[in-house]
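Peer 1: Generate a structure from the sequence data that follows.
(chains A, B, C and D)
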There are 2 protein chains.
Amino acid sequence: MTGMPKVVDHDDRRAQLVRAVWAVIDRHGIEGATVRRVAERAGVSVGGLRHYFDSQHGLLRFAAEQVAVAAQARLARDLEPMSSGVVAAQGLLEELLPLDADRRVEADVWLACLTRFRLDSTWDDLRAGAWAGERHICRTAVALCFGVPAPAAIGDPVSGELEPLAARLHVVVDGLTLQGAMFADAMPAAQVRALLRAELDQLVPPPV
Amino acid sequence: MTGMPKVVDHDDRRAQLVRAVWAVIDRHGIEGATVRRVAERAGVSVGGLRHYFDSQHGLLRFAAEQVAVAAQARLARDLEPMSSGVVAAQGLLEELLPLDADRRVEADVWLACLTRFRLDSTWDDLRAGAWAGERHICRTAVALCFGVPAPAAIGDPVSGELEPLAARLHVVVDGLTLQGAMFADAMPAAQVRALLRAELDQLVPPPV
DNA sequence: GTCATTACAGCACAAGCGTGCGGTTTCCTA
DNA sequence: TAGGAAACCGCACGCTTGTGCTGTAATGAC
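Peer 2: Residues are numbered from 1 along each chain as shown, chains lettered A, B, ... in the order given. Okay, here's the model as predicted:
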């Protein structure tokens, strides 16, 4: 092998630069996420930024993908204890909701990219994948509530009559995301949590 | 009174130009809604457009406001027959959802403006007004379902224990709007309608 | 030490943007 | 029929944008 310069991991650096993208979108919106501003926020030059992302489109694309990666990492951590019940389902779904600063930024970035690249067909796979992944989480949450086995892979439905409940929960989660992100004054984190809890409580069969 | 030229109603012309804004946002997104493109779509010059809107910001602002105006016009028309029940509530709420081409454009424009001007404090009143108006519609829908008197003014809660149902319905409506607008493939109009209907059916007390 | 290779800097360029502004057409009033 | 205001045009300006490109510093292999 030939000579290798600078001891910098390429992927780590990209992930680090994406944090700058998130910060800029959080403060200046997606239309303010220019290559210059991102480079300035990251402490590098535009040329330095371009060394890791050959286009602004690729930069924003990767920034959006990393939102999904971050959420999946949290979800996997939550799923590890293998607990069940409404509380476990609530904990799972809360990872997707803008309940603290970090998750609010992620929701803002995701919603911004979703609207900005709404007509871009090169985002179709990411859009579809995110939707399917979110649906999978909702199915898993419903399964946790009812104590039935969770779906094995993304795309698999939950057992029997529980599938409509997952679809409905999916709508509620998206509604809470939108309202929590866009109308934080009228819909603070505590109320988002309360509404999700009410939804899950209503899901399980009444104790008669 | 002095001389008056051209027989053109100022407000009508503004509303007409806003249609061009909607069409451009529908086809090119909010970042593609440049004054030049809107002017071209409307068949006027940039100077002619600027005669009615002295800034792009004011143009987009008015375009967003007209979305609310259009929705309110439809809602007032639906509310006139003074019917009640789940079907009436469904008809009311469907006016807010992207179920056909017109309403889909309105939802896209609204969501685009919502994310674009998320950090713009001059949009606070419009944001808050739209949220309160939507909540009012949800309260009215709940009142229709239960046969109780609808709230008189925006901001008034519905009677007694029905208020949480309105908040929950509001979340569902926003979730359906987001999914219907952004994930039209996975969430076609028929399914949006079905999910709304299921939500309203579950709202009313079970017939034992 | 030498050198290939990578990391990064920063200028240059064309394109597109919002907007200011002076000119032209049009039509009602007096 | 003259006058004047409104409707509309379109050029020009300054600015920002994404991106191509060349130059420079740094590092590890040989």
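
Peer 1: In chain A, where is pLDDT below threshold?
Peer 2: Under the criterion of pLDDT under 70, the regions of chain A flagged as low confidence span A:1-8, A:206-208.

Peer 1: Of all the residues in it, which one is nearest chain B?
Peer 2: Here the residue of chain A nearest chain B is residue A:175; by Cβ to the nearest Cβ that distance is 3.0 Å. For every residue, glycine as well, the C-beta is placed using N, CA and C.

Peer 1: wait, what's in contact with that residue?
Peer 2: With contact set as Cβ atoms under 8 Å, 6 or more residues apart in numbering or on different chains, residue A:175 has these partners: B:170-176, B:178.

Peer 1: Now it: closest residue in space that isn't a chain neighbour?
Peer 2: Once its chain neighbours are removed from consideration, residue A:175 has its nearest residue in residue B:175; the separation is 3.0 Å (Cβ to Cβ, 6 or more residues apart in numbering or on different chains).

Peer 1: near chain B, which residues of chain A?
Peer 2: Proximity of chain A to chain B, by Cβ under 8 Å from any Cβ of the partner chain, involves residues A:27-31, A:108, A:111-112, A:114-116, A:118-119, A:127-128, A:131-132, A:164, A:167-168, A:170-179, A:182-183, A:185-186, A:191, A:195, A:198-199.

Peer 1: Pull out the buried members of the residues you listed.
Peer 2: Under a neighbour-count criterion of 16 or more other Cβ atoms under 10 Å in any protein chain shown, the subset of the residues of chain A next to chain B counted as buried comprises A:29-30, A:108, A:111-112, A:114-116, A:118, A:127, A:131, A:167-168, A:170-179, A:182-183, A:186, A:195, A:199.

Peer 1: Contacting DNA strand C as well, which ones from the residues you listed?
Peer 2: Taking Cβ under 7 Å from any atom of the strand, there is no overlap between those and the neighbourhood of DNA strand C.

Peer 1: sorry, back to before: nearest to chain A among the contacts of residue A:175?
Peer 2: For those, the residue nearest chain A by Cβ to the nearest Cβ is residue B:175; the value is 3.0 Å.

Peer 1: what's the spacing between the closest one and residue A:169?
Peer 2: From residue B:175 over to residue A:169 the distance is 10 Å, taken as Cβ to Cβ, to the nearest Å.

Peer 1: Would you check that residue A:62 makes contact with residue A:52?
Peer 2: No - contact between residue A:62 and residue A:52 fails when scored by Cβ atoms under 8 Å: they sit 9.1 Å apart.

Peer 1: Need the overlap of contacts for those two.
Peer 2: Taking Cβ under 8 Å, 6+ apart as the contact rule, the neighbours common to residue A:62 and residue A:52 are residue A:14.

Peer 1: For the host helix or strand of residue A:190, buried residues please.
Peer 2: Residue A:190 is located in helix A:189-203, with elements delineated by DSSP states H and E. For helix A:189-203, the buried set under the neighbour-count rule, 16+ other Cβ under 10 Å, comprises A:189, A:192-193, A:195-197, A:199-200, A:203.

Peer 1: One more: stretch A:86-97?
Peer 2: Of the residues in stretch A:86-97, those scored as buried under the neighbour-count criterion (16+ other Cβ under 10 Å) are A:86, A:88-97.

Peer 1: Repeat that for stretch A:32-52.
Peer 2: Within stretch A:32-52, the residues that qualify as buried by neighbour count (16+ other Cβ under 10 Å) are A:33, A:35, A:37-39, A:41-42, A:44, A:49, A:52.

Peer 1: Ok, stretch A:138-154 next?
Peer 2: Of the residues in stretch A:138-154, those buried under the neighbour-count criterion (16+ other Cβ under 10 Å) are A:138-146, A:150-151.

Peer 1: Taking those residues together, which two end up most distant?
Peer 2: In terms of Cβ to Cβ, the buried residues of stretch A:138-154 reach their longest pairwise distance at A:145 and A:151, which sit 13.7 Å apart.

Peer 1: residue boundaries of the helices in chain A?
Peer 2: A:10-28, A:35-42, A:46-52, A:56-79, A:86-94, A:101-116, A:124-146, A:163-182, A:189-203 (DSSP state H).

Peer 1: Serialize the ones you listed to JSON lines and add fields for distance to DNA strand D.
Peer 2: Below are the helices of chain A laid out as JSON lines (distance: least, Cβ to the nearest atom of the strand, whole Å):
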{"stretch": "helix A:10-28", "distance to DNA strand D": "9"}
{"stretch": "helix A:35-42", "distance to DNA strand D": "4"}
{"stretch": "helix A:46-52", "distance to DNA strand D": "5"}
{"stretch": "helix A:56-79", "distance to DNA strand D": "3"}
{"stretch": "helix A:86-94", "distance to DNA strand D": "33"}
{"stretch": "helix A:101-116", "distance to DNA strand D": "12"}
{"stretch": "helix A:124-146", "distance to DNA strand D": "18"}
{"stretch": "helix A:163-182", "distance to DNA strand D": "23"}
{"stretch": "helix A:189-203", "distance to DNA strand D": "32"}
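
Peer 1: May I see these organised as a markdown table, with distance to residue B:73 added?
Peer 2: Converted to a markdown table, the helices of chain A look like this (distance: least, Cβ to Cβ, whole Å):
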| stretch | distance to residue B:73 |
| --- | --- |
| helix A:10-28 | 35 |
| helix A:35-42 | 41 |
| helix A:46-52 | 48 |
| helix A:56-79 | 36 |
| helix A:86-94 | 37 |
| helix A:101-116 | 25 |
| helix A:124-146 | 32 |
| helix A:163-182 | 24 |
| helix A:189-203 | 30 |
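
Peer 1: What about residue A:85, how many residues nearby?
Peer 2: For residue A:85, the count of nearby residues is 14 (other Cβ atoms under 10 Å in any protein chain shown).

Peer 1: Alright, that wraps it up for me.
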